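1. build the 3D model from these lines:
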Amino acid sequence: QVELVESGGGLVQAGGSLRLSCVASGRTFSSYAMGWFRQAPGKEREFVAAISWSGNSKYYGDSVKGRFTISRDNAKNTVYLQMSSLKPEDTAVYYCAASYSGSSYSERAYDYWGQGTQVTVSS
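-> Residues are numbered from 1 along each chain as shown. Down below sits the predicted model:
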């Protein structure tokens with residue numbers, strides 16, 4: 001069992017930056033690939049970024065490439081999402097998720113989910 005708790009969301013102006021954190025419970029964090037997804041009001045959940053268990057492989061959704069960076073610290077059981085050049089369309093609830101089967105763009109591959117953290121970007 002893995003519990004995930006996100007933090008770092010908030011209100012930011014367009015062009016600004018935020019760093020989201022997701023802390024995982026348990027001793028097997030390094031066995032899981034981690035992902036970030038987001039869901040805006042009235043829209044389906046969208047893939048944002050994923051990172052392999054080792055941190056060597058990273059993947060990004062087209063809408064965030066070049067602006068967001070995913071990273072992890074296995075010693076701290078934490079995955080991060082550094083978000084820069086934020087746009088109003090980045091406004092959403094951001095979720096982290098853990099996948100035992102490996103990094104994936106599909107939310108179906110993820111076994112555990114956090115409760116989410118709200119990010120609001122004002123224009």
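2. tell me what the closest residue to V5 other than its chain neighbours is bridged to.
-> In this structure, V5 finds its nearest non-sequential neighbour in V23, 5.2 Å apart by Cβ to Cβ, 6 or more residues apart in numbering. All C-beta atoms are positioned from the backbone trio N, CA, C, and that covers glycine. With DSSP bridges as the criterion, V23 is bridged to V5, T78.
3. check contacts around V23.
-> 4-5, 7, 76-78 (Cβ atoms under 8 Å, 6 or more residues apart in numbering).
4. could you dump those residues to CSV with neighbour count, pLDDT and distance to A97?
-> Below are the contacts of V23 laid out as CSV (neighbours: other Cβ atoms under 10 Å; pLDDT from 0 to 100; distance: Cβ to Cβ, whole Å):
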residue, neighbour count, pLDDT, distance to A97
L4, 24, 97, 7
V5, 14, 97, 12
S7, 13, 98, 15
K76, 12, 95, 18
N77, 18, 95, 15
T78, 18, 97, 14
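5. looking at those, which is nearest G114?
-> Nearest to G114 out of the contacts of V23 is L4 (Cβ to Cβ; 3.6 Å).
6. surely the closest one touches S99?
-> No - L4 is not in contact with S99 according to Cβ atoms under 8 Å; the separation is 11.6 Å.
7. looking at the contacts of V23, which one is closest to T28?
-> For the contacts of V23, the nearest to T28 is N77 (9.5 Å; Cβ to Cβ).
8. distance of the residue nearest to V5 relative to V93?
-> 17 Å (Cβ to Cβ, to the nearest Å).
9. against A33, how distant is R19?
-> 20 Å.
10. ugh, wrong one, Y112
-> Relative to A33, and taking Cβ to Cβ, Y112 is found at 11 Å.
11. likewise for E6?
-> Distance, E6 to A33, using Cβ to Cβ: 17 Å.
12. T78 now?
-> For T78 relative to A33 (Cβ to Cβ), the value is 14 Å.
13. next one: L4
-> With Cβ to Cβ as the criterion, L4 and A33 are 13 Å apart.
14. where do the contact lists of these two overlap?
-> A98.
15. burial measure for the closest residue to R45 other than its chain neighbours, as a count.
-> Distance criterion Cβ to Cβ, 6+ apart; nearest residue to R45, sequence neighbours excluded, is Q39 at 4.3 Å. When neighbours are defined as other Cβ atoms under 10 Å, Q39 has 15 of them.
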